[in-house]
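**Q** Below is the sequence, then the predicted model.
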Amino acid sequence: MLFVLFVVNLIAFPGFFSITIKDGHLFGSLIDILRNGAPTLIIAVGMTLVIATRGIDLSVGAVAAISGAVACAIILGSPNPGSPATVAVAVLVAIGISLVLGVWNGFLVAVLGIQPIIATLILMTAGRGVAMLITEGQILTVNSPPFKMLGSGFWLGLPVAVIIAAVLFAAAALLTRRTALGMLIESVGINPEASRQAGVRARGLLFGVYTFCAFCAAIAGVILTANTAAADANNTGLFIELDAILAVVIGGTSLAGGRYSLAGTLVGALVIQTLVTTVYTVGIPPIATMVFKAAVVTIVCILQSPRTNQALGSFRRSLAVRAGKGAAAS
């Protein structure tokens, strides 16, 4: 699907793959896809681990809005908003508050036993209101070059947002695939009761994945807010939880929990962002973006469904049998 989208963009815009260097920075359609898709990828990484435990986190968009609102409010209230120290404090406080929200989700799911979709729906609903209270219903605009660099700046020729997403993705992959943590997460998703009886601390793992997902949402919220240098409680991270879930599902991770694929999530996030870019490239009206995205995602999910895989497997086996009979006859 990603290859098909690339081909469509190349046909509609022959210079789609061209990358230029201006003032030591890389520019081009591919760079724009990576930069604009970075927040979705960051949240999708955390969402992958949550879904692997048979859970889901609908509150990531609200957590992103709260994170951006807190960061902007601190910077705006500082006497020196352009100071890197002020920006560092604002970002750390925003992340700290988001971690508390992640622990809250983990408490509702792991301790109280509330269904994840209901537990996170609570924060999804209330989170926007909290962000509105922080911004007092206004759009907080800040003038801070160090803060804006997190969203639209460059480092070593690459967008800072892409570098942050790459570091977080690599850290999550190393932590879960080079240690037993990934296997334990999968075991909780496959059979929580059997995992508990085997000595796996399922409650602690649930706390961990929901807290990590909130951490990812906080980072994404800071990037989204820094990109516009303004905190908009109503629109920051709006519907990004749906894009993150779609990226995870397109990447092959089952919503039923168990085995997951971070590499697949990476491809899924690129598909989502490339799909949005394709809509504008081929001239599809922006009002039809959601319908077009839903149609493409539906096709991808149908192709990945167990029934389709079974049918394709049967078809391949029948071809193999016919080839074997033909070879024997010859």
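**A** Alright, I've got the coordinates.
**Q** ok now do Leu224, which residues does it touch?
**A** 39, 64, 68, 151, 236-237 (C-beta atoms under 8 Å, 6 or more residues apart in numbering). For the C-beta atoms, the positions are set from N, CA and C on the backbone; glycine is no exception.
**Q** any weak-confidence spans in the stretch 201-330 of the chain?
**A** When residues are selected by pLDDT under 70, those of the stretch 201-330 of the chain lie in 326-330.
**Q** Do you have the strands of it handy? List them.
**A** 230-231 (DSSP state E, counting those that start in this stretch).
**Q** residues contacting the one residue sitting closest to the centre of the chain?
**A** Centroid-nearest residue in the chain, with C-alpha atoms, centre = their mean: Ala44, separated by 2.4 Å. Listed by C-beta under 8 Å, 6+ apart, the contact set of Ala44 reads 243-244, 247-248, 251, 265, 268-269.
**Q** Quickly name whichever of those residues is closest to Leu319.
**A** Gly251 (28.2 Å; C-beta to C-beta).
**Q** Give me the longest helix you can find in this protein.
**A** helix 202-228 (DSSP state H).
**Q** Report the distance from stretch 268-283 to the chain centre.
**A** Mean-position distance between stretch 268-283 and its chain equals 15 Å (C-alpha atoms, centre = their mean, to the nearest Å).
**Q** Check stretch 190-201 too.
**A** 28 Å.
**Q** What's the end-to-end length of it?
**A** 14 Å (C-alpha to C-alpha, to the nearest Å).
**Q** Show me which residues of it are buried.
**A** Judged by neighbour count (16 or more other C-beta atoms under 10 Å), stretch 190-201 contains these buried residues: 190-192, 195, 200.
**Q** ok, now stretch 286-294?
**A** For stretch 286-294, by 16+ other C-beta under 10 Å, it's 292-293.
**Q** for stretch 111-118, same thing?
**A** 114, 116.
**Q** Compute the mean per-residue pLDDT across it, please.
**A** When pLDDT is averaged over stretch 111-118, the result is 91.
**Q** what comes into contact with stretch 126-139?
**A** Contacts for stretch 126-139 (C-beta under 8 Å, 6+ apart): 59, 61-63, 65-66, 68-70, 72-73, 101, 230-234, 236.
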